[in-house]
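Asker: Pasted the sequence and its predicted model underneath.
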Amino acid sequence: MRVDIGVFAHDEAAGIAAMVARLLAQDLSGLDARLLVLANGCHDDTATQARQAGAEVAELAEGGKSRTWNRFVQDLSRREAEVLIFVDADIVFTAPDSLKRLAKGLAARPGLWVLNSQPVKDIAQPMQRLSPLDRLIATAGGGLDDWKTAICGQLYAMPSRIARRFHLPIGLPVEDGFLRAMVLTDGLETPEDFSRIDGLDGLSHIYASERTIAALIRHQTRIVIGSAINFAAFEALRAQPAGHRRGALGQAAGDAFWLHDTVAARLPRWPYGFVPFHFLTKRLARAAATPRETLRPKRLLVTIVGFGFDAIVYLFAQYRMARGAGVGFW
């Protein structure tokens, strides 16, 4: 099986050599595997450090994850590659054969379009001594308990023939959420089909959690802004005739200003402004749908604290978008 592994790296000079070492130590036996570090828009020597560590490097002058995703999928991956694996440069594998298991797990299920690894926060590791602030951050930020139905952009695999059906608009702050919608609906052409996405049981990776309230607020603000931008883009694509939406998306991906112009034409909107109310109330909605007998005091407290955090993030997102932050926000 031919597998191309794209490692997304933007200004990762401090850690890219260690990441390349982790990748080269992976057991890829039985695969025709190619490792490619995608050093995009870097202002440091990420590319040099990766080459010296033994990796093949594609040095891309223009940055942005959605732009880099397009380049890897459409241009830089081998035409004969059957599976594409997408890896963030700052994660840690929890198994010596994580990448092989992901590729083989995908190949074993021909109807699957995306197979995820489970993301695990470093502060959630056993034997971690957590400060009260760490616990508060873990509570307010929530978790990725929907990892089997979402796309976690840190580590996932797709059949190349499926990935090449899609393009991503340049400048998406939350590209994995956009891709998820494209996968579930085949480019907004069909009703959602959740059987196309799954997670591989027993496979996980570790990522660094934010460790300050300010950093977490900035991270979550980006997520909310990105999701609001995604909805505006979906609306623009749905305005195209059925059967032409994937083609329109391909054209949009070639226009660096398409996403900016699309958002400017559709946001803000009465009555919610830039960010739909859903992003403020989703935690409350989940609590309201929980059977009353299972809604214990601790869980209720977590919901209240989380809602307070969501309100702060919601207001920050509204403010930042009103001040011009949006497309390309990171």
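Answerer: Sure thing, it's come through.
Asker: Can you tell me how far residue 199 is from residue 58?
Answerer: For residue 199, the distance to residue 58 (CB to CB, to the nearest Å) stands at 28 Å. To be clear about C-beta, it is placed using only N, CA and C from the backbone, and glycine gets the same treatment.
Asker: More neighbours: which of these two?
Answerer: Relative neighbour count places residue 199 above the other of residue 199 and residue 58, with 23 against 19, counting by other CB atoms under 10 Å.
Asker: Look up phi and psi at that one.
Answerer: Note on residue 199: backbone dihedrals following degrees, to the nearest 10 are phi -120, psi 150.
Asker: can you pull the pLDDT of it?
Answerer: As summarised for this prediction, residue 199 has a pLDDT of 96.
Asker: Could you list the buried residues of stretch 308-328?
Answerer: Of the residues in stretch 308-328, those scored as buried under the neighbour-count criterion (16 or more other CB atoms under 10 Å) are 309-310, 313-314, 316-318, 320-321, 325-328.
Asker: what's the answer for stretch 269-281, then?
Answerer: Along stretch 269-281, these residues count as buried under the neighbour rule (16+ other CB under 10 Å): 272-276, 279-280.
Asker: and if you look at stretch 245-264?
Answerer: Buried residues in stretch 245-264, defined by neighbour count with 16+ other CB under 10 Å: 245-246, 248-249, 252-253, 258-260, 262-263.
Asker: Narrow the residues you listed to those in helices?
Answerer: Of those, the ones assigned to helices by DSSP state H are 245-246, 248-249, 252-253, 258-260, 262-263.
Asker: okay, the buried residues of stretch 308-328 in TSV with secondary structure next?
Answerer: Formatted as TSV, the entries for the buried residues of stretch 308-328 read as follows, by DSSP: H, G, I helix; E, B strand; the rest coil:
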residue	secondary structure
309	helix
310	helix
313	helix
314	helix
316	helix
317	helix
318	helix
320	helix
321	helix
325	coil
326	coil
327	coil
328	coil
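Asker: Closest one of those to residue 91?
Answerer: Using CB to CB, residue 328 is the member of the buried residues of stretch 308-328 that lies nearest residue 91, at 22.9 Å.
Asker: ok, now how distant is residue 87 from residue 93?
Answerer: Residue 87 sits at a distance of 9 Å from residue 93 (criterion: CB to CB).
Asker: hang on, the earlier thing: show me the two of the buried residues of stretch 269-281 that sit farthest apart.
Answerer: So, the buried residues of stretch 269-281 by CB to CB: farthest apart are 274 and 280, at 12.2 Å.
Asker: So what's the gap between stretch 263-279 and the chain middle?
Answerer: Between the mean C-alpha point of stretch 263-279 and the mean C-alpha point of its chain there is a distance of 22 Å (CA atoms, centre = their mean, to the nearest Å).
Asker: now, which of the buried residues of stretch 308-328 sits nearest residue 35?
Answerer: residue 328 (27.6 Å).
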